[in-house]
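Enquirer: what's the 3D shape of this:
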Amino acid sequence: MAISKVTNVYYVVPDMDAALAFYRDTLGLAIKFQDGDKWTQFDVGGTQVALATPAPGQVDAGQNATVVLQVDDLTATRAQLAAQGIAVSEIIGMGGHGSFFTCRDPAGNVVQFFARS
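Expert: Have a look, this model is predicted:
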């Protein structure tokens, strides 16, 4: 088996409107494709990040993948989210690789923000 690329990373969310408010409005991601309240896809630097409402064969909302979003200024990003009332973790160093912090979207999915050293 040869896997050539990541097609999508997606979260199952119980409330598409609340998820859109977080990913589109709070994080500023632009919608690439949307199929009503069933699927919304964002292009984040060439990686497809999507939201799906529950359907047969999927995991339960809030119980699936973690998306990692790379940013230039981790401290400023964390401060901006905290100022909007989003609960954020402390910044955790990864040695020479960089640092990260996490928060949760409205469905409870972990979103990780990363900056290179």
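Enquirer: run through the chain and note the low-pLDDT ranges.
Expert: Along the chain, the model assigns pLDDT under 70 to residues 1-7, 56-59, 64.
Enquirer: what are the ranges of the strands in it?
Expert: In order along the chain, the chain carries the following strands (DSSP state E): 9-12, 31-35, 39-44, 47-52, 67-70, 92-93, 98-104, 110-116.
Enquirer: Provide the strand pairings for the fourth one, with the direction of each partner.
Expert: Taking DSSP bridges as the criterion, strand 47-52 sits next to strand 9-12 (parallel), strand 39-44 (antiparallel) in its sheet.
Enquirer: save the ones you listed as CSV, and put in mean neighbour count too.
Expert: Glycine gets a C-beta too; all of them are placed from N, C-alpha and C. Listed next are the strands paired with strand 47-52 as CSV, based on neighbours: other Cβ atoms under 10 Å:
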stretch, mean neighbour count
strand 9-12, 20
strand 39-44, 18
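Enquirer: one step back: right, and the strands of the chain - which one's nearest residue 19?
Expert: Distance to residue 19, taken as Cβ to Cβ, is lowest for strand 47-52 among the strands of the chain, at 4.9 Å.
Enquirer: now do the closest one: everything it contacts.
Expert: With contact meaning Cβ atoms under 8 Å, 6 or more residues apart in numbering, strand 47-52 is reached by 6-13, 16, 19-20, 23, 29, 32, 38-42, 58, 67, 69.
Enquirer: how big is the angle separating that strand from strand 31-35?
Expert: Angle of strand 47-52 versus strand 31-35, following axes from the mean of the first three to the mean of the last three Cα atoms, to 10 degrees, is 30 degrees.
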